[in-house]
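> requesting a structural model of the entry that follows:
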Amino acid sequence: MAKQTLIVLLPPEQAQALSGTQRFPAHRAYRLGKEGHLFRSSALNARGGLMAVDGRGLEGPVDPAPFCQEILRECGARSFRGVVCLLGEGRTPQLCRTVQLLGDRLSHQKLTFYVPEQYAGCSSHARALVSSAVSGGSLEQRLRDVLGRYGQERVVLFLERRAEDFFLPSPTGSGQPLSREALRELMDRTQPSVFFSQELCARYFTYMSRESGAHFVLYDDGETLVKKMEVSQKLGVRWAMGMWEDLG
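Residues are numbered from 1 along each chain as shown. Sure, this is the predicted structure:
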């Protein structure tokens, strides 16, 4: 079984934090602004690794050609080996064209390219970031399905340390997100019995509220993220990626 590479999305102030470790840095120092203009944090002082661009708050149209040129120029100046584009949920035809063009140009320069799973179909050169968070079925089957669609060379497990509070029954399958502080306060207050789901590779507990009835809470910690990496590695997933604050 091949060793899995862990890529860590680092804020600029943590640029040297992975020195001497086997983790690979992706520098979270770039933002996609209005009309696709690229903004860089003045705190960045690093070379090598990956370039991470946050486009989740993008407003307005994007002109793909100049945006791609800015990306390639920055990769050359900083000796980046690839690009991670963190884009929002709403996939648009324009953003899909941008991903396609950027994928073509990065591939031509032999640079890797990572995008959220919903954008992976826009470029045959992009690696799909597949969320580790599942609330139904099983993580193993979820990964098998994605591997069947994209193959081992294009699948990356995106590690998310999530916590969600679900009403029971849960008609939508979506819960209320909980911060780490909110989860800790809830557990201190309810003193629940905590269980581990082998299928979801996550911890869970239930509690009752006088106001809203029965609740089901599903959450991750450092150990569940390790378990999810182990499941993905056994299936042949060669890369995992996560935020510094989730993996620290």
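
> now do the helices in this structure.
Using DSSP state H, the helices assigned to the chain run over residues 64-78, 93-108, 139-150, 180-190, 222-234, 244-247.

> will you turn the ones you listed into a markdown table that also has mean neighbour count, distance to Gly55 and mean pLDDT?
(Each C-beta comes from the backbone N, C-alpha and C, glycine too.) A markdown table is the format used below for the helices of the chain (neighbours: other Cβ atoms under 10 Å; distance: least, Cβ to Cβ, whole Å; pLDDT from 0 to 100):
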| stretch | mean neighbour count | distance to Gly55 | mean pLDDT |
| --- | --- | --- | --- |
| helix 64-78 | 16 | 10 | 93 |
| helix 93-108 | 18 | 8 | 93 |
| helix 139-150 | 16 | 21 | 97 |
| helix 180-190 | 13 | 25 | 97 |
| helix 222-234 | 17 | 25 | 96 |
| helix 244-247 | 17 | 19 | 92 |
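
> out of the ones you listed, which is closest to His125?
Set against His125 and scored by Cβ to Cβ, the helices of the chain come closest in helix 93-108, at 3.9 Å.

> so in this structure, where's the weakest helix or strand by average pLDDT?
The weakest-scoring helix or strand in the chain, judged by mean pLDDT, DSSP states H and E, is strand 38-40 (a mean of 88).

> how far out from the middle of the chain is that one?
20 Å (Cα atoms, centre = their mean, to the nearest Å).

> just stretch 72-83 next, same as before
21 Å.

> can you check stretch 102-114 too?
Centroid separation between stretch 102-114 and its chain, computed with Cα atoms, centre = their mean, is 19 Å.

> what's the answer for stretch 3-14, then?
With Cα atoms, centre = their mean, you get 11 Å for stretch 3-14.

> show me the contacts for the spatially most central residue of the chain.
Taking Cα atoms, centre = their mean, the centroid of the chain lies closest to Phe158, which sits 4.0 Å from it. The contact partners of Phe158, taken as Cβ atoms under 8 Å, 6 or more residues apart in numbering, are Pro116, Leu129, Val130, Ser131, Ser132, Ala240, Met241, Gly242.

> for the closest residue to Leu183 other than its chain neighbours, list each beta-bridge partner.
Nearest residue to Leu183 in three dimensions, chain neighbours excluded: Ala163, at 4.5 Å (Cβ to Cβ, 6 or more residues apart in numbering). Taking DSSP bridges as the rule, Ala163 bridges to Tyr219.

> wait, what's in contact with Ala163?
Going by Cβ under 8 Å, 6+ apart, Ala163 touches Pro177, Leu178, Ser179, Arg180, Ala182, Leu183, Val217, Leu218, Tyr219, Asp220.
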